[in-house]
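**Student:** Starting from these lines, generate the structure:
(chains A, B and C)
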Amino acid sequence: MSQGRFVAKRVFQGVGVVWGVVSIVFVLRFVTPGSAINAVAPLDADQETRQAIARELGLDQPLHVQYGDYLVSLLQGDMGFSYVRGQEVATLVFSKLPATVELALAATVVAIGLSIPLGVVSATRRNQPVDWLATLFSLGGISTPNFWLGIMLILLLAVQFDIFQTSGRAVAAVEVAAAVVGPAPFVDRLQAWLAHITLPAVALGTYFMALVTRLTRSGMLDELGKPYVRAARAKGLPEVVVRYKHALRNTLIPVITVLGLQLGTLIGGAVITEAVFSWPGLGTLVIDSINLRDWPVLQGSLIVIGTSFVLVNIFVDVVYSALDPRVVND
Amino acid sequence: MPDVSDTPAPELDDDVLVAVRDLSTRFFTEEGQVNAVENASFEVRDNEVLGIVGESGSGKSVTALSLIDLVDSPGEITGGEVWYRDAELAAEFAGSDAVVGDHVDLQRVPATVRRSLRGSSFSMIFQDPMSSLNPSVTVGEQIAEAVEVQRRAKGNPRRTRSRTQGYGLGRLLVDTLVPTRSYADEESRARAVELLEQVGIPDPADRADEYPHQFSGGMLQRAMIAQALAGEPDVLIADEPTTALDVTIQAQILDILRELQESGETSVVMITHDLGVIARMCDRVGVMYAGEIVERGRLADVFDDPVHPYTRGLLGSVPDLEDPSTRLQPIEGNVPSLLDREMPEGCYFADRCPKAMEDCRQPVPEYDTGTASDEHAVQCVLAEREYDPAVALDGRDETGDEVVPSE
Amino acid sequence: MLSDRVRRNLASEFRGSILAKLGVVLVLLVVFVAIFAPFVAPHDPTTQSLDNAERPPLGIVQTEQRTTSEMVDGEVQTVTETVTIRPDAAHPLGTDGLGRDMLSRVIYGARTSLIVGVLGTVLAATVGVPVGLIAGYYRGRIDDGLMRFADVSLAFPSLVLAIALIGLWGRASVAVPDPFVAAGFAQEMPETFVLPGTVIVVVGVVNWVWFARIARGEALSLRDQEYVTAARALGADDSRIIAGHVLPNAITPIIVLGTVQVAAIILLESSLSFLGFSGTTLSWGFDISQGRDYVSSGQWWIAGMPGLAIMVAVIGINLIGDWLRDALDPGIEGEGGA
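**Tutor:** Numbers count the residues shown, from 1 in each chain, chains lettered A, B, ... in the order given. The predicted model follows:
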């Protein structure tokens, strides 16, 4: 099958998963202690509000009708109303999404950008000092809770040395990009952006970085021992080409699979990192909503998080298919 | 660097393309030192097929890898000379002790020079084509790479002798980030298709865009041969090329190799454990046992008139089509360990040899039992004298036909 | 269940690796400390002592500016004095904001982490392995259905799902009597130990998928083995085959995954208690959240010590995981777990 059909198939599967996500969130409503109304209404709601909510939810209707209505409103972009905050859920959730995406992307770029070269160098200079350091670092990295790392980073770099900011997000990445037009505001904005995003991105990305380093290293060691590497050298290919074009490429294939699975950890980690650094994203929204008992927002956030995850996985699969032709060709 | 100070410079005939003298390769492993190849000597002449035959573990594959300097650590070439005839190379290193006439001792030139000979002077095909090719790159691209490397080398020899061989990290990054660019250019890819056609693959242009798993075993081995020919090598080393293939396909592959050699461009070193392949393909043969070449010479001489008891045992183990009633004579015992500390002083075959004598416990030199023009070298005391039961080692019977098991 | 060859591999791999030995040492230390907490801990971890608050660990002297306001002659005067707080040998790791001994809190915290880690993993495996085996063995629609469900579960990041579930279900916990104190030893220690029940259930629920996947993969490849076909030919019924033939051969990657999971769940639990979603306050994550506010005034140990403890425990478990993976099958994809 061609790559196009492969992508279409994955998208179709993705839609199925999203539907599953949405349905589970629907079911969660009924799993809340108390009645389903409690899933939507704040604790201090008065009887009138509760009745209004009951009508809106259509709780007197048969289940499948409720479900149908739910799906229909979702497709129209309506995720309900937050009584606690007095806002449309969809507006609230989507306004927080960019901040989380920005943080997750920054962490991923940092993580992958550093870890793949580190893993390769570690494998090609096996058992030399570089390798030992990289191994220790990656062992530490997957064993450190990212919120603690964040706090320690704050301690070292913000409190002791006053280099970075410890909380908030002064300026968005898009604003930095937009300011490329004029030099002066650009530098200021870039500096402000970096000052705020660096620590959280590092705290969030460290686990990922350690993981990918380990995987790349062991994957490269495996590949470099395979017969085709020796055959490639036998035909006179420069070592650089053998390592990167051949061995690394085949190493990245399983690494990408694991990355896709671990993205969940990244997104989960983003939630905690946002809490530590007061980063105004979806994670903070989720936690605040639980503490405020704002269930509609929680449900909306879950749907958005789940859907984003599916989208990212589809993207990862597409990248995977570009690297491994066997997947597509069978 | 191997210690060659004592050996005199050899006299090499003009038609000798590669002369290996006393090559030794050792593996320094955790369990100890393994002597994979010990003092192996042989020659590859123009336009001929040299066979190296032996059981598994005899060191034949390591010998092949040693020729092109592809022995991975913990292995190392620890001694010997590899004389290769190349006028240009000889001119480049003239005046040093690495050059005798037109022959250059590859063990005495820098490693980068040896590396640059891969693909251009020496080329190798391996046993299992499916695992010897990168599964995620098209066959055509891989062959084109081989063509490209040689083209660049011919264009700029100094650059290719450097550590990065003219291909730096910068170019690599660009090639990686821009996926449409490949290492090989149009011309190389066209040549790759030509090569595929030359080895008899139908629809070569289409098949070049396919991946290794889409080829059958026989087709893929042909593709590997095409890849090996990309640099127009002087010597093609074939390491068990047909072992993984069906019998009918085997014959096809062997024919291709034969044609290659007959067309006059390439000599072939055929490494195998299959005596039938040797008999069919080779002009000269070397028999390996426990890392040593125990007998070598022209095919007819060695097969019709074997001197070394191992060779005789090997030939005796093959069923005879013409006289099926003859009993097979297996060789008693097992292949010895190649661990240095476990290897005996003298002949490694002595324990299994029905004609072993006391002298065999001392190191045995190589004797030449052939004529002046055709060397028939044997590393065995029997080349010099008859078997004498009086000085036989324990357990040998009178006739020298059997070893009586000692336990 | 473990064959001789497997035992030998384990032993030789262990002998050759410093890291494996280190891992075992660390884990044994953590387990010992967790079990015998009442004996090992110098003080009751819950006893507050405001006079003793914010004491630094041994070797560090803390200086603070304290500002107090007083009424002097009818006017409010603020006096700033420099206060030096010295460490106390009775509190080698210092004390937290409420004067509780950090060393004791770290020791008791090991109990929480270990209990949640192990029980959570056991729960996830108990649910996941049978599901995976069934899906892999029967294939067809059962497989499709179960794997669809697994995909959907995986679409929620574990932490997010765990938070959501705890948010919805609450933080129920059980106070279990401490066996040593009940038996009459270490009378100054707390009588009961809090078991965060909901957290254990939630982490188990959230992680079952990893076990299901591995089990399914193994079942898929093992079902075509000849001994399975032979067993069927002999008339053995399916559950016997799965339990008696497939499972024992699938056990090694499951064990490797198990160790990875314990580490992952310990990290997950610490995240949950950091955010306040645990049923117990005697937890490393909780202490870190308490200590966070003190970081800006330079009192790093309140958050630092528990974090180091987490690192020690998780590094140890990861080293054991590496050892197992190297010995049992270098080809295992052991990095599943969130």
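**Student:** need the contact list for B:E31.
**Tutor:** Going by C-beta atoms under 8 Å, 6 or more residues apart in numbering or on different chains, B:E31 touches B:L339. Where C-beta positions appear, they are placed from N, C-alpha and C, glycine not excepted.
**Student:** And the pLDDT for it?
**Tutor:** Looking at B:E31, its pLDDT is 77.
**Student:** Which residues does stretch B:64-72 contact?
**Tutor:** With contacts defined as C-beta under 8 Å, 6+ apart, stretch B:64-72 is touched by A:230, A:233-234, B:18, B:20, B:23, B:25, B:37, B:52, B:62, B:77, B:82, B:106, B:111, B:114-115, B:117-118, B:122, B:124, B:235, B:237, B:239, B:269, B:271.
**Student:** What about these, which are in strands?
**Tutor:** B:18, B:20, B:23, B:25, B:37, B:52, B:77, B:82, B:122, B:124, B:235, B:237, B:239, B:269, B:271 (DSSP state E).
**Student:** Quick check: which ranges of the stretch 201-338 of chain C have low pLDDT?
**Tutor:** C:329-338 (pLDDT under 70).
**Student:** tally of neighbours for A:P117?
**Tutor:** 13 (other C-beta atoms under 10 Å in any protein chain shown).
**Student:** buried stuff in the host helix or strand of it?
**Tutor:** Here A:P117 sits within helix A:89-124, counting by DSSP states H and E. For helix A:89-124, a neighbour-count test (16 or more other C-beta atoms under 10 Å in any protein chain shown) marks A:89-90, A:92-93, A:96-97, A:99-104, A:106-108, A:110-112, A:115-116, A:118-124 as buried.
**Student:** just the helices in the chain please.
**Tutor:** By default, I'm working from chain A. A:3-31, A:47-57, A:63-75, A:89-124, A:129-143, A:146-153, A:173-178, A:183-224, A:227-234, A:239-240, A:249-277, A:282-291, A:295-323, A:325-329 (DSSP state H).
**Student:** Actually, chain C is the one I wanted.
**Tutor:** For chain C, applying DSSP H gives helices covering C:4-16, C:18-35, C:37-40, C:102-138, C:140-155, C:158-169, C:179-182, C:197-222, C:226-233, C:238-241, C:247-274, C:284-295, C:301-328.
**Student:** Which residue ranges make up the domains of chain B?
**Tutor:** As assigned by automatic domain parsing, chain B contains the domains B:1-121+B:265-407, B:129-233.
**Student:** What is the burial count for the residue of the stretch 251-400 of chain B found nearest chain C?
**Tutor:** For the stretch 251-400 of chain B and chain C, the shortest gap (C-beta to the nearest C-beta) falls at B:L339, measuring 18.7 Å. Neighbourhood size, B:L339 [other C-beta under 10 Å]: 14.
**Student:** Now for the closest residue to it other than its chain neighbours: which residues touch it?
**Tutor:** Closest residue in space to B:L339, ignoring its immediate chain neighbours: B:G32 at 4.9 Å, by C-beta to C-beta, 6 or more residues apart in numbering or on different chains. Contact partners of B:G32, counting by C-beta under 8 Å, 6+ apart, are B:L339, B:D340, B:R341.
**Student:** Quick check: B:G32 vs chain C, distance?
**Tutor:** 16 Å (C-beta to the nearest C-beta, to the nearest Å).
**Student:** May I have the beta-bridge partners of that residue?
**Tutor:** Beta bridges link B:G32 to B:T29 when assigned by DSSP bridges.
**Student:** give me phi/psi at the residue of the stretch 251-400 of chain B closest to chain C?
**Tutor:** phi -70, psi 130 (degrees, to the nearest 10).
**Student:** quick one on the thing from earlier: can you lay out the contacts of B:G32 as a markdown table showing pLDDT?
**Tutor:** Below are those laid out as a markdown table (pLDDT from 0 to 100):
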| residue | pLDDT |
| --- | --- |
| B:L339 | 81 |
| B:D340 | 78 |
| B:R341 | 76 |
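**Student:** And for the closest residue to chain A within the stretch 201-350 of chain B, the neighbour number?
**Tutor:** Taking C-beta to the nearest C-beta, chain A has its nearest neighbour within the stretch 201-350 of chain B at B:Y211, 5.5 Å off. Applying other C-beta under 10 Å, we find 20 other residues in the vicinity of B:Y211.
**Student:** Same question for C:S153.
**Tutor:** 21.
**Student:** wait, it sits on C:N207?
**Tutor:** No. Taking contacts as C-beta atoms under 8 Å, C:S153 lies outside contact range of C:N207: 9.5 Å.
**Student:** Most neighbours among the ones in strands among the contacts of stretch B:64-72, please name it.
**Tutor:** B:V37 (32 neighbours).
**Student:** Apart from its chain neighbours, what residue comes closest to that residue?
**Tutor:** Closest to B:V37 by C-beta to C-beta, 6+ apart is B:T25, at 4.1 Å.
**Student:** Can you name the residues bridging to the one you found?
**Tutor:** Counting by DSSP bridges, the residues bridging with B:T25 are B:V37, B:I77.
**Student:** Surely it touches B:V34?
**Tutor:** No. Using C-beta under 8 Å, B:T25 is not in contact with B:V34; the gap is 9.4 Å.
**Student:** Can you tell me how far the residue nearest to A:M209 when sequence neighbours are not counted is from chain B?
**Tutor:** Nearest non-adjacent residue to A:M209, counting by C-beta to C-beta, 6+ apart: A:A111, 4.0 Å away. Separation of A:A111 from chain B (C-beta to the nearest C-beta): 19 Å.
**Student:** Same check on A:F26?
**Tutor:** 42 Å.
**Student:** Can you give me every residue that contacts that residue?
**Tutor:** Taking C-beta under 8 Å, 6+ apart, one finds A:Y67, A:Y70 in contact with A:F26.
**Student:** I'd like to know how many residues surround B:E342.
**Tutor:** Neighbours around B:E342, by other C-beta under 10 Å: 11.
**Student:** confidence score at it?
**Tutor:** Predicted confidence (pLDDT) for B:E342: 78.
**Student:** Any idea how many residues pack against B:I68?
**Tutor:** Counted with other C-beta under 10 Å, B:I68 comes out at 24.
**Student:** Apologies, that question was intended for A:G300.
**Tutor:** The number of residues packed around A:G300, counting by other C-beta under 10 Å, is 28.
**Student:** OK, contacts around it?
**Tutor:** Contacts of A:G300 by C-beta under 8 Å, 6+ apart are A:M79, A:G80, A:V89, A:A90, A:L92, A:V93.
**Student:** Leaving out the residues flanking it, which one is nearest to the second one?
**Tutor:** Yep, that's A:G80 we're talking about. Nearest one to A:G80, counting by C-beta to C-beta, 6+ apart, is A:P296 at 4.2 Å.
**Student:** pLDDT score for that neighbour?
**Tutor:** You'll see A:P296 listed with a pLDDT of 81.
**Student:** picking that back up, if I read this right, the residue nearest to A:M209 contacts A:T216, doesn't it?
**Tutor:** No. Counting by C-beta under 8 Å, no contact exists between A:A111 and A:T216, whose distance comes to 11.5 Å.
**Student:** Which positions in chain A make contact with chain B?
**Tutor:** A:226-228, A:230-241, A:244-246, A:249-250, A:253, A:322-326, A:329 (C-beta under 8 Å from any C-beta of the partner chain).
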